[in-house]
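> Structural data only, the sequence is not supplied:
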């Protein structure tokens, strides 16, 4: 693909969408169902890693896998409707496609849930790949030939670097600019509203 039409990967939670209200609702439902107290506000303050990592803070190790399955099973009922697109999300995807490039979503979230969120919000990437976190995101980024990966977490930066992709950090999630910079982000934006202009400049220089 020509350099002016790059393939760009995007993280989902707190990069394209603010899923905190939906995830909080789902954890509260899971807590009510299981009888296990969960601080849902604390949970949504540190989104990024796989749900199993978070559940390990609240459930015995031998219950994490089955509880994660149940979390995903009830997720569509509780988490899709309250979730909203972050500013500039649709425009960022469309900016890539307007250049003739491909916009892909690479996320640690369960892929069917990710697709439900995107469909509900009218965000239309060219591909969605789920269940990949941090360095493992490089698998999909390399497979799809991504030149750039955009995310809000230091794990996203590590994934970009593992794929030899340009790491673009946005400070809409739990990691601030300094954390993203220390992790190796090449570019830091406050949010996705600035991404289309940045991408045009990048494409002109490529």
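Structure received. A quick note: this is a predicted structure, and the numbers were derived from the prediction, not measured. Numbers count the residues shown, from 1 in each chain.

> just the strands in the protein please.
Counting by DSSP state E, the segments of the chain that form strands are 7-10, 17-18, 84-85, 102-106, 127-129, 148-151, 166-170, 187-189.

> Residue 158: which of these is closest?
strand 166-170 (8.5 Å; Cβ to Cβ). The C-beta positions use only the backbone N, C-alpha and C, and glycine is treated the same way.

> and the closest residue to residue 153 other than its chain neighbours, backbone torsions?
Leaving out its chain neighbours, the residue that sits closest to residue 153 by Cβ to Cβ, 6 or more residues apart in numbering is residue 48, at 3.9 Å. Recorded main-chain torsions at residue 48 are phi 150, psi -70, according to degrees, to the nearest 10.

> coming back round to it: format the strands of the chain as CSV; extra columns: mean neighbour count.
Formatted as CSV, these follow (neighbours: other Cβ atoms under 10 Å):
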stretch, mean neighbour count
strand 7-10, 27
strand 17-18, 23
strand 84-85, 17
strand 102-106, 25
strand 127-129, 18
strand 148-151, 29
strand 166-170, 26
strand 187-189, 18
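
> quick one: contacts for residue 162?
Contacts were defined as Cβ atoms under 8 Å, 6 or more residues apart in numbering; by that measure residue 162 touches 135, 137, 138.

> Could you tell me the model confidence score at it?
With respect to pLDDT, residue 162 has a value of 98.

> Serialize the strands of the chain to CSV and add fields for mean pLDDT and distance to residue 53.
CSV is the format used below for these (pLDDT from 0 to 100; distance: least, Cβ to Cβ, whole Å):
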stretch, mean pLDDT, distance to residue 53
strand 7-10, 98, 21
strand 17-18, 98, 20
strand 84-85, 98, 24
strand 102-106, 98, 17
strand 127-129, 98, 19
strand 148-151, 98, 16
strand 166-170, 98, 21
strand 187-189, 98, 25
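
> Thanks a lot, catch you later.
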